[in-house]
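**Student:** Provided below for reference: sequence and predicted model.
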Amino acid sequence: MMNPLPALATTSTQHPAPPPHHHPGRSVVAASAPSHANQLIQRYGRPATLERRLEKLTRQQRPVARSVSGQEEAFRMMPDVARVQQEHFNHAAAPPTRSDSARTRDSSSPSALRLREVFRRVVSRIQVISGLKSRVESPFASGIRKDSASVATLHITITRPEPAVDATAKDPMQLWFFRFRNEWVVDPAGDHYYYWLGLISVAFIYNAVMVIPRAVFNELDGHWAFLMLDYMCDLLYIIDIPVNMFSGYLEEGVMVHEPRKLVREYLATKSSKLDILSVIPTDLAFPFTGLGAPYPFLRINRVLKFTRFDRFFKRLESRTSHPDFFRMVYTFFTFVVIIHWDACLYYYISEEVGLNSDGWIYPGEADWRLNASLGLTNENDTLHQKYIWSFYWSLQTLTLIAQIKQPEFDGEFAFVTLNFLIGVLIFANIVGNVTRIIGNMNLVSDNFRQKTTAVKQYCILRKIEGELQQRIIRYFEYQWMNQQFVDETKSLACLPDKLEAELALRVHLDTLKRVNIFQDVEPGLLADLVLKLKLEIYSPGDYICRKGDIGKEMYIVKRGQLEVVGDDGETVFATLGQGSVFGEISILNIIGIKSGNRRTANVRSVGYSDLFCLLKHDLWDALREYPEAKKKMLERGKNMLIKDQLLDEKAADENDVRQANFLDKVERVEKNIDDMQTRFARLIAEEGATLSKMRMRVHRLQTLLQIQLQHYR
């Protein structure tokens, strides 16, 4: 026999009423559940089968109650289940009387209602126990406090507290004792910041070039011009700190203007530490050490501003039209500065060891300049002599291109070895960068030469010679001379659609506005059309179109001259120049054209001609979204044909009537389809509701039938 509990579980939707013996503020622990059940067994004397089921259910629910600290009311419904099931079995075991059978058969009798209520409460209690167990065993509920009274409730509701709004929070634009303004934020992508980086780069170059020579050569000691330039650069370094501190940055695509955020972002970067180290006033030691060599070396921390110099060159590469050239300049400058520092260090070591003390020390291989009889010594060398020879020695060592004299002492060997190691790294870096830069500079031209060579090889393979081959070669030569070997479509494919359309509008909008049918149309349509224009190049003598051809495209002359010639190819009817348009009527598909949408003339290129081409299907694809512009263009096309007496007005009017009738029919069909869809959806919804009600009735009848069968047995 089927268990009636599942059938009742599908139809019960109300919450169970509290049991009669339950009192608020009173809880029953899990340990008391078996003893309470035994009391009910002794009181009602229920069968052994129900006792085994109750004991099994009690064992299953004991871990659930233990998992919630065993102190909640997880088992408060267990005595009610036992009592209800005991009453049902006692009633079923008694012999049915006539009155009982009559009351059972009557679905509206108090007994039937009471039985339904009893089983509904039983099923509801079991559902509560099952739901409680699933909540306790779920990972999400493991974080709930075990001593919470909500575990014993029928529904566990967890709410996340809303963050409290601090009414005393500071104004985000308030910085220290003054209010910050949005205008003070520096745009890192703006021109002003770009020029500022250039100024800071000049100050960095001065410090990078002059700090070390002033610490080595005595001829540069204490000059007032150097002191003035030093403190001017220091002032720029100090101003650069707040400039970069309040430079905006993007957060979720929006420029941040809150000063405290800007300060935190700046202090978290590596460049902020270098900025602070570069302005440490090491010049304060000059009153104690003096301005002579080697004490200007104390300003070596000014070289830490190299991050601004590197950022400036990256911005310069992105703004210039010759980025490869400036990359080469940056690489060359870095290499020269390293040689410059190494030359100064070489002369400093030579002075410390003793000038001309051995063959490796300065002047080294230039000792032929010494002449003791004439009183010429190293002390008589001028600054430029010392520097030029030291620079020459450093260049030979770092580039490994010449043989130098062998060192004689351990320190000299260590210095030369270090120079060789640095030279190997620099040489590899220079060669790699120069090779990459030169390759990038010639990348486009090399690709064009490869295409030209491939076409020539194809002509040789297919044995194409004579005039056709010469025309192909001249076509490529024309493209090369006019720098037209760049594919515009591929070059602009990396841009977003909106930016690509704006760029195309800037280039081709004036050309497209010259077409009569495109005048005074929507800007969106023009933006779509300019992206569909294709550049075509025609050689001298090429026919753009011939009389009788089906018109599938229109042309706009960008450069060159075209001739409208007769069938004999000799008679010239007209000459078309830059800005001329032809073929626009053929792409409108106007019904009633006497020529049948075919070309009415032969158009030939006089020399090399560049033409913009717009295909028919591209135009109609764009017109789908602009019905008003489509109507306006068709009217203008018809007026042009009527003016030239090339349109059959009667046929055009009949086509308009047929088109209007067809559109009306299409609209009616669409409306009927929408109505049918609405009705069908309503019928489906009604069918679903009816089936749901029938299922509920079937379940109820099944439950009542099972209960009555139990009574009869």
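**Tutor:** That came in fine, so what should we check first?

**Student:** C459: helix or strand, and which one exactly?
**Tutor:** Assigned by DSSP states H and E, C459 belongs to helix 443-461.

**Student:** Could you check that helix and say which residues are buried?
**Tutor:** Neighbour-count burial for helix 443-461, with 16 or more other CB atoms under 10 Å as criterion, is recorded at 448, 452, 455. Bear in mind the C-beta positions are built from the backbone N, C-alpha and C, glycine included.

**Student:** The last one - nearest residue in space that isn't next to it in sequence?
**Tutor:** Excluding the flanking residues, the one nearest V455 by CB to CB, 6 or more residues apart in numbering is I472, at 6.2 Å.

**Student:** Quick check, that neighbour in contact with A454.
**Tutor:** No - contact criterion CB atoms under 8 Å: I472 and A454 do not qualify, at 11.6 Å.

**Student:** list the contacts for S605?
**Tutor:** Counting by CB atoms under 8 Å, 6 or more residues apart in numbering, S605 touches 538-544, 560-563.

**Student:** at 7 Å what do you get?
**Tutor:** Residues in contact with S605 (CB atoms under 7 Å, 6 or more residues apart in numbering) are 538-542, 544, 560, 562.

**Student:** For Y478, see how far away it is.
**Tutor:** S605 sits at a distance of 12 Å from Y478 (criterion: CB to CB, to the nearest Å).

**Student:** go on, F333?
**Tutor:** 40 Å.

**Student:** Could you do V256 as well?
**Tutor:** To Y478, V256 is 52 Å away according to CB to CB.

**Student:** Check K273 too.
**Tutor:** Separation of K273 from Y478 (CB to CB): 58 Å.

**Student:** is it fair to say G541 lies in a helix?
**Tutor:** No - counting by DSSP: H, G, I helix; E, B strand; the rest coil, G541 is not part of a helix but coil.

**Student:** That one: neighbouring residues, count only.
**Tutor:** Residues contacting G541 under the criterion other CB atoms under 10 Å number 12.

**Student:** pLDDT at it, what is it?
**Tutor:** pLDDT, G541: 88.

**Student:** just the strands in the stretch 201-350 of the chain please.
**Tutor:** Counting by DSSP state E, counting those that start in this stretch, the stretch 201-350 of the chain has strands at residues 250-251, 254-255.

**Student:** what is the rounded mean pLDDT of the first one?
**Tutor:** pLDDT averaged over strand 250-251 equals 87, rounded to a whole number.

**Student:** cool, the last one as well?
**Tutor:** Per-residue pLDDT over strand 254-255 has a mean of 87.

**Student:** List the neighbouring strands of that strand plus their orientation.
**Tutor:** strand 250-251 (antiparallel) (DSSP bridges).

**Student:** Return the distance of the strand it pairs with from the chain's centre.
**Tutor:** Relative to the centre of its chain, strand 250-251 is centred 13 Å away, using CA atoms, centre = their mean, to the nearest Å.

**Student:** Could you do stretch 602-609 as well?
**Tutor:** On the basis of CA atoms, centre = their mean, stretch 602-609 sits 47 Å off its chain's mean C-alpha point.

**Student:** Can you give me the buried ones in it?
**Tutor:** By 16+ other CB under 10 Å, the buried positions in stretch 602-609 come out as 602-606, 608-609.

**Student:** what's stretch 198-216 in contact with?
**Tutor:** So stretch 198-216 is contacted by 220, 226, 229, 233, 236-237, 240, 293-294, 296-297, 299-300, 302-303, 305-306, 308-309, 312, 337, 340-341, 344, 347-348 (CB under 7 Å, 6+ apart).

**Student:** pull the CA atoms of that stretch into CSV?
**Tutor:** Provided in CSV are the C-alpha atoms of stretch 198-216 (Å, rounded to 0.1, in the frame of the first residue of the first chain):
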residue,chain,number,x,y,z
GLY,A,198,60.2,67.5,-21.2
LEU,A,199,61.4,70.3,-18.8
ILE,A,200,62.2,67.8,-16.1
SER,A,201,64.1,65.6,-18.7
VAL,A,202,66.3,68.6,-19.5
ALA,A,203,67.2,69.0,-15.8
PHE,A,204,67.9,65.3,-15.6
ILE,A,205,70.2,65.4,-18.6
TYR,A,206,72.2,68.2,-17.1
ASN,A,207,72.7,66.3,-13.8
ALA,A,208,73.5,63.1,-15.6
VAL,A,209,76.1,64.7,-17.8
MET,A,210,77.7,67.2,-15.4
VAL,A,211,77.7,65.7,-11.9
ILE,A,212,80.4,63.1,-12.4
PRO,A,213,82.8,65.3,-14.6
ARG,A,214,82.7,68.1,-11.9
ALA,A,215,83.7,65.5,-9.4
VAL,A,216,86.7,64.4,-11.5
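
**Student:** Offset the numbering so it begins at 282, please.
**Tutor:** Yep, numbering from 282; the last one is stretch 479-497 now.

**Student:** Name the residues of that stretch that are buried.
**Tutor:** Neighbour counts over stretch 479-497 (16+ other CB under 10 Å) mark 481-482, 484-485, 487-489, 491-497 as buried.

**Student:** Could you do stretch 593-601 as well?
**Tutor:** For stretch 593-601, the neighbour count (16+ other CB under 10 Å) marks 593-594, 597 as buried.

**Student:** From the residues you listed, pick the one nearest A709.
**Tutor:** Proximity of the buried residues of stretch 593-601 to A709 (CB to CB) peaks at F594, which lies at 21.0 Å.

**Student:** Look up how far K875 lies from the closest one.
**Tutor:** The gap separating F594 from K875 is 67 Å, by CB to CB.

**Student:** Now intersect the buried residues of stretch 593-601 with the helices, please.
**Tutor:** Using DSSP state H, 593-594, 597 are the members of the buried residues of stretch 593-601 that sit in helices.

**Student:** Show the residue spans covered by the strands in the chain.
**Tutor:** Applying DSSP state E to the chain gives strands spanning 455-456, 459-460, 531-532, 535-536, 815-819, 824-826, 834-840, 843-846, 853-857, 862-863, 883-886, 890-896.

**Student:** Please convert these to a markdown table, extending it with distance to N661.
**Tutor:** Formatted as a markdown table, the strands of the chain follow (distance: least, CB to CB, whole Å):
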| stretch | distance to N661 |
| --- | --- |
| strand 455-456 | 61 |
| strand 459-460 | 62 |
| strand 531-532 | 61 |
| strand 535-536 | 62 |
| strand 815-819 | 70 |
| strand 824-826 | 81 |
| strand 834-840 | 69 |
| strand 843-846 | 79 |
| strand 853-857 | 80 |
| strand 862-863 | 82 |
| strand 883-886 | 77 |
| strand 890-896 | 70 |
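
**Student:** Between those strands, which one is closest to A549.
**Tutor:** strand 531-532 (13.6 Å).

**Student:** Show me what that closest one is in contact with.
**Tutor:** The contact list for strand 531-532 (CB under 7 Å, 6+ apart) is empty.

**Student:** Stretch 953-970 now?
**Tutor:** Counting contacts by CB under 7 Å, 6+ apart, no residue outside stretch 953-970 touches it.

**Student:** Can I get it in CSV, CA atoms only?
**Tutor:** Only the C-alpha atoms of stretch 953-970 are listed here, as CSV (Å, rounded to 0.1, in the frame of the first residue of the first chain):
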residue,chain,number,x,y,z
ASN,A,953,-2.2,38.8,-37.1
ILE,A,954,0.9,36.9,-36.1
ASP,A,955,1.3,39.0,-33.0
ASP,A,956,-2.3,38.4,-32.0
MET,A,957,-2.0,34.7,-32.6
GLN,A,958,1.2,34.6,-30.4
THR,A,959,-0.6,36.4,-27.6
ARG,A,960,-3.6,34.1,-27.7
PHE,A,961,-1.4,31.0,-27.9
ALA,A,962,0.6,32.2,-24.9
ARG,A,963,-2.7,32.8,-23.0
LEU,A,964,-3.9,29.3,-23.9
ILE,A,965,-0.6,27.7,-22.7
ALA,A,966,-0.9,29.6,-19.4
GLU,A,967,-4.5,28.5,-18.9
GLU,A,968,-3.6,24.9,-19.8
GLY,A,969,-0.7,24.9,-17.3
ALA,A,970,-3.0,26.3,-14.5
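
**Student:** for it, the distance to its chain's centre please.
**Tutor:** When distances are taken as CA atoms, centre = their mean, stretch 953-970 is centred 43 Å away from the chain's centroid.
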